[in-house]
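J.: could you look at this predicted model? Sequence included:
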Amino acid sequence: QQQVKQSPQSLIVQKGGISIINCAYENTAFDYFPWYQQFPGKGPALLIAIRPDVSEKKEGRFTISFNKSAKQFSLHIMDSQPGDSATYFCAASMRQFYFGTGTSLTVIP
Amino acid sequence: NAGVMQNPRHLVRRRGQEARLRCSPMKGHSHVYWYRQLPEEGLKFMVYLQKENIIDESGMPKERFSAEFPKEGPSILRIQQVVRGDSAAYFCASSPVSGMGNEQFFGPGTRLTVL
């Protein structure tokens, strides 16, 4: 079964807007939650990651919000830019990485 | 400092042939992971190796697939007697520390097409 559920499948945002992608998990043993960005024809690249002992982590325009009790975490991209258009994957890790199914983000100029 | 390298980038095989995918981890990384990505899907873990050891192969199909990471040279993912359903992008990742709960650096992938 899908260990990590990601939504939405696709997202269109106006330039300068906020992009929000959500993920939910079931296994409370997960201890590392990264987000990866993937451009067409390329491998995934780590964007930002969080561990469950903090509720939020911010790096530049990218923020992870983590809700341990709800077993949910989300990626917020502030001031979205056309260059942010890519596929974003959340993941949860215990002994191995479990990836969400991805969100295709399109930022319209 | 070169990143994770994979070759070939594209591989075309006919049904029944063998496919060999190679992965050279980042310098100083001794942990290698292989993932498979089907169109419109996320990455699915296949196998985790350290030099000369398979640590976790719980995601590997039981037949036709094998992986190795020899003392010298790249890691190899080998698919014997390929079928159309093996068509996918195969990604390798490496990490400098043990265990899987740490940052992994991905290569550009090998896109396998089985005719």
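T.: Arrived safely, thanks for sending. Everything quoted here is computed from the prediction, not taken from an experiment.

J.: by contact count, what packs against the lowest-mean-pLDDT helix or strand in chain A?
T.: Ranked by mean pLDDT, DSSP states H and E, the weakest helix or strand in chain A is strand A:97-99, scoring a mean of 90. With contacts taken as 3 or more Cβ pairs under 8 Å, 6 or more residues apart in numbering or on different chains; DSSP states H and E, strand A:97-99 sits against strand A:86-93, strand B:31-37, strand B:43-50. C-beta here means a position set from N, CA and C on the backbone, and glycine is covered the same way.

J.: which residues of chain B lie near chain A?
T.: Contact residues, chain B versus chain A (Cβ under 8 Å from any Cβ of the partner chain): B:4, B:6, B:33, B:35, B:40-45, B:48, B:56, B:58-59, B:91, B:93, B:99-109.

J.: what do you get if the cut-off is 7 Å, keeping everything else the same?
T.: For chain B, the residues in contact with chain A (Cβ under 7 Å from any Cβ of the partner chain) are B:41-43, B:45, B:48, B:56, B:91, B:100-101, B:103-104, B:106-109.

J.: drop anything exposed from those residues.
T.: B:42-43, B:45, B:48, B:91, B:100-101, B:104, B:106-109 (16 or more other Cβ atoms under 10 Å in any protein chain shown).

J.: can you pull out the low-pLDDT segments for chain B?
T.: Residue ranges of chain B with pLDDT under 70: B:1, B:98-101.

J.: quick check, central residue of it?
T.: B:W34 (3.5 Å; Cα atoms, centre = their mean).

J.: B:L112 pairs with what?
T.: B:L11, B:A88 (DSSP bridges).

J.: mind listing the strands in chain A by residue range?
T.: Under the criterion DSSP state E, chain A contains strands at A:4-7, A:10-14, A:19-25, A:33-38, A:45-50, A:56-59, A:62-67, A:72-77, A:86-93, A:97-99, A:103-108.
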